[in-house]
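**Q** Sequence first, then the predicted structure:
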Amino acid sequence: MTGRSDGTTSEPLRAPTFWGILRTGAPGFLREGFIPLGAFYVGLKFEGLVAGIAAAAVASVLIYLYERHAGRDGLLVRISLGFVAVQSAVGLAADSTTVYLAQPVLIAAAWGLAFFVSVAIRRPLAGALACAWYPFPRWFRQTDEYKRVFGVESLVWGAYFLGRSGLRLAVLLNGSLENFLLVTFLTGTPAMLLLLVWSIRYSIRSLADAPDEAGSNLPTTLAPSERFD
């Protein structure tokens, strides 16, 4: 794409590929999902709750600074950083590991509900988040095909977050800290990576024949032959 309907020009977008998108988003996803929780556990075991919360907060700040230094948008990182601040304050005020760990469980459930609501109002959250991984043009994000594809993905992600939250909460209230961390990891990074792989493949395949601003297809931007390079 080199032009816009309003007469202005823009730089052409490279065709999205599975490995290209995965390489762009997966490292940050892994950092944000694993490092703060691991830092909390280490701090908790060696020095107690306060040290664990402080370690997780420091890890989150360092991740944020790294992402900004790398020039990435950082929207999700900023959201995560804001939540870390609230989670830390509540955990310290309650002086409770359970209260501290329960907050992200409840937030995950809220994310699940948000995904479902976003589909109902035809502003699929999966589509908004996908823009952090690939710069979809604004006009393209308004098309019915874009909303349909990422509406399906939003429903899948919403179901995942609600199911994961229910399981984690049950283990947190009835099991040990180690069991909770194990369930958190297994239902977190591995499961989310599988969902990410599916999401990328599904969106590239489904959007390959989406129309451009003039009503024709986008063979250059979303060429089927380049899907899995």
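**A** Great, that's in hand. Residues are numbered from 1 along each chain as shown.
**Q** Could you give me the buried positions within the host helix or strand of Ala51?
**A** Taking DSSP states H and E as the definition, one finds Ala51 inside helix 49-69. Residues of helix 49-69 classed as buried by neighbour count (16 or more other Cβ atoms under 10 Å): 49, 51-57, 59-60, 63-64, 67. Where you see a C-beta, it was placed from the backbone N, CA and C, and this is true even at glycine.
**Q** what's the lowest-pLDDT member of the residues you listed?
**A** In terms of pLDDT, the lowest of these is Glu67, showing 72.
**Q** The helix holding Ala51 packs against which elements?
**A** Counting contacts by 3 or more Cβ pairs under 8 Å, 6 or more residues apart in numbering; DSSP states H and E, helix 49-69 is packed against helix 18-47, helix 75-94, helix 97-120.
**Q** Using PDB, write out every CA atom in that helix.
**A** Provided in PDB are the C-alpha atoms of helix 49-69 (Å, rounded to 0.1, in the frame of the first residue of the first chain):
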ATOM      1  CA  LEU A  49       6.200 -10.900  51.100                       C
ATOM      2  CA  VAL A  50       7.500  -7.300  51.000                       C
ATOM      3  CA  ALA A  51      10.600  -8.400  49.200                       C
ATOM      4  CA  GLY A  52       8.600 -10.500  46.800                       C
ATOM      5  CA  ILE A  53       6.300  -7.600  45.900                       C
ATOM      6  CA  ALA A  54       9.300  -5.200  45.500                       C
ATOM      7  CA  ALA A  55      11.100  -7.700  43.300                       C
ATOM      8  CA  ALA A  56       8.100  -8.100  41.000                       C
ATOM      9  CA  ALA A  57       7.600  -4.300  40.800                       C
ATOM     10  CA  VAL A  58      11.300  -3.700  39.900                       C
ATOM     11  CA  ALA A  59      11.200  -6.400  37.300                       C
ATOM     12  CA  SER A  60       8.000  -4.900  35.700                       C
ATOM     13  CA  VAL A  61       9.600  -1.400  35.600                       C
ATOM     14  CA  LEU A  62      12.800  -2.800  34.000                       C
ATOM     15  CA  ILE A  63      10.700  -4.600  31.300                       C
ATOM     16  CA  TYR A  64       8.800  -1.300  30.700                       C
ATOM     17  CA  LEU A  65      12.000   0.600  30.300                       C
ATOM     18  CA  TYR A  66      13.400  -2.000  28.000                       C
ATOM     19  CA  GLU A  67      10.400  -2.000  25.700                       C
ATOM     20  CA  ARG A  68      10.400   1.800  25.500                       C
ATOM     21  CA  HIS A  69      14.100   1.900  24.800                       C
END
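**Q** Next, format the helices and strands packed on helix 49-69 as CSV and append mean neighbour count.
**A** Below are these laid out as CSV (neighbours: other Cβ atoms under 10 Å):
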stretch, mean neighbour count
helix 18-47, 17
helix 75-94, 16
helix 97-120, 17
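**Q** quick one: which of those helices is nearest Asn174?
**A** Among the helices and strands packed on helix 49-69, helix 97-120 comes nearest to Asn174, with 11.2 Å by Cβ to Cβ.
**Q** Appreciated, that's everything.
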